[in-house]
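A.B. asks: Here's a sequence, model it:
(chains A and B)
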Amino acid sequence: MTEAVDFNVARWLEAQQEAVLDAWMSDIVSRWKKNYLHVVDTEHLHLQSRQLLEEIRKLFVENPNEFWEPTPDSKIVVLIRSLSTQRAKQGFKPADSTFYVLSLKRVLWRRLLQDRIAENKVALATCLAMIENVIDRLTLLIYEVYVETRERLIAQQSLSLLELSTPVVRLWDRVLMVPLIGVMDTQRARQTTERLLEAIAKYEATVAILDVTGVPVLDTSVAGHIMKTIAAAQMLGARVVMTGISPDGAQTLVKLGVDFSVVTTRATLRAGVAESLLLVGKRIVAVKDAP
Amino acid sequence: MLESVRVSISEEIHSAEARRQALLLAQHLGFGRTDAYYLATAVTELATNLFRHAGGGEIQLRTLTRQNAVGIEVIAHDTGPGIANVEQALREGFSTSGGLGCGLPGVRRLMDELEICSEMGRGTRIRACKWAAIIQTVERQC
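C.D. replies: Below is the predicted model:
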């Protein structure tokens, strides 16, 4: 009995390390090779996993009895964080990313059950509980980091989209153009208004073309935003010509009862450009002796 | 009832998802382009209302069949403060939020059927239907 209680997981793991690593790696590689063949560098994976296994062994040495709680700056947490971030960026599915440590648990359990220790139920239970506690916490950590990484990516993308989609273009002297593309929410509308007003002031523009061809649906909220933008532009002395309302959009706006009668509208951007140039006393004419 | 889609609305951007789902369903059922646009706009209006007035809610889209017609039922449901006066909310130009005040009356015109059930402090349930071929306009209130 006493010799079984003395059984040391850390020492056991040290002796088993190579065999565990081999079984673990063959399990992982066989699963990952299918989907991530091009991103999995087997040599690097081996190195990383050996390091992780070593850290887990150290954990067992440091916490032989009590349950381990991860601290944010411990070496193992940093290690798990870096590899989970890396995998999220490489496009691993969350299940495949967590499978990494779950596979290690399976390997350790199988080997433990085959060991002499399995005869002593109390010692075996203690070992299994220790392993389970560590692996479970690592699994949670991997998942957490995975979601964090993806969320950061999404936040970055929506920021880039916001920057992409509200350009104010100078079409001619005193004529600006704002092509609205995509969903107009409150944030986008505010940004568009700001940029348009800045540009009106900067170029002393007197006409601004607001093209809504790229707005999927013109509802009262979008219409309200556009009205406010137009009112603000007019206060700076610029007239707004609105273009690109589709036939369906026009019918819908009438049904909604949105009153755009105070705004100059043209069906196409082409007509809008002609109208705007006229407003600043310009006209597009054909070159007589063009080739 | 062949299909049912639920979109939970808690942020402004979610109304775009509701609109996309409505358009997909309308295309799938063979709605005309204008009718599909009407439906999509109405769904956007209702979703925006959920976000703006009730702090969020849910849009549910369902396929309806009746004799030889197919339609789409939109249910906007929330557990927000409720509408104090439904009559007033349906009136042109009335707004409590500084909007244009033509959202709900607009939805009534864009859709074929509109039903509003609201209880102060409990929430609001708005049911609106659009039929692929307009048969008759029914308006009810409860």
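
A.B. asks: Please make it C-alpha for all contacts and neighbour counts, starting now.
C.D. replies: Fine.

A.B. asks: what are the ranges of the strands in chain A?
C.D. replies: Chain-ordered strands for chain A, with DSSP state E as the definition, fall at A:169-172, A:175-181, A:207-214, A:239-243, A:264-266.

A.B. asks: any chance of those in CSV, plus mean pLDDT and distance to chain B?
C.D. replies: Below are the strands of chain A laid out as CSV (pLDDT from 0 to 100; distance: least, CA to the nearest CA, whole Å):
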stretch, mean pLDDT, distance to chain B
strand A:169-172, 93, 26
strand A:175-181, 93, 13
strand A:207-214, 94, 14
strand A:239-243, 95, 18
strand A:264-266, 93, 19
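
A.B. asks: JSON lines please, covering those strands and showing mean neighbour count.
C.D. replies: Formatted as JSON lines, the strands of chain A follow (neighbours: other CA atoms under 10 Å in any protein chain shown):
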{"stretch": "strand A:169-172", "mean neighbour count": "16"}
{"stretch": "strand A:175-181", "mean neighbour count": "22"}
{"stretch": "strand A:207-214", "mean neighbour count": "23"}
{"stretch": "strand A:239-243", "mean neighbour count": "23"}
{"stretch": "strand A:264-266", "mean neighbour count": "18"}
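
A.B. asks: Out of these, flag the one nearest A:Ala286.
C.D. replies: Closest to A:Ala286 of the strands of chain A, according to CA to CA: strand A:169-172, at 17.4 Å.

A.B. asks: Does the residue of chain B at minimum distance from chain A lie in a helix or a strand, and which?
C.D. replies: Distance from chain A to each residue of chain B (CA to the nearest CA) is smallest for B:Gly106, at 3.9 Å. Assigned by DSSP states H and E, B:Gly106 falls within helix B:103-110.

A.B. asks: Which SSE is immediately downstream of the longest helix seen in chain B?
C.D. replies: Ranked by residue count, the top helix of chain B under DSSP state H comes out as helix B:33-54. Using DSSP H and E, the helix or strand that follows helix B:33-54 towards the C-terminus is strand B:57-66.

A.B. asks: In terms of secondary structure, what does that following strand contact?
C.D. replies: The contact analysis (3 or more CA pairs under 8 Å, 6 or more residues apart in numbering or on different chains; DSSP states H and E) places strand B:57-66 against strand B:4-9, helix B:14-28, helix B:33-54, strand B:69-78.

A.B. asks: what's the offset of that strand from the middle of its chain?
C.D. replies: Distance of strand B:57-66 from its chain centroid, counting by CA atoms, centre = their mean, to the nearest Å, is 9 Å.

A.B. asks: what is the orientation angle of it with helix B:14-28?
C.D. replies: Taking axes from the mean of the first three to the mean of the last three CA atoms, to 10 degrees, strand B:57-66 and helix B:14-28 form an angle of 10 degrees between their directions.

A.B. asks: residues in contact with strand B:57-66?
C.D. replies: The contact list for strand B:57-66 (CA atoms under 8 Å, 6 or more residues apart in numbering or on different chains) reads B:1-10, B:18, B:22, B:25, B:47, B:50-51, B:70-79.

A.B. asks: Could you give the average pLDDT over the longest helix of chain B?
C.D. replies: Averaging pLDDT along helix B:33-54 yields 92.

A.B. asks: If you count neighbours, what's buried in it?
C.D. replies: Using 16 or more other CA atoms under 10 Å in any protein chain shown as the test for burial, helix B:33-54 gives B:35-51, B:53-54.

A.B. asks: Chain B versus A:Thr192, what's the distance?
C.D. replies: Separation of A:Thr192 from chain B (CA to the nearest CA, to the nearest Å) stands at 17 Å.
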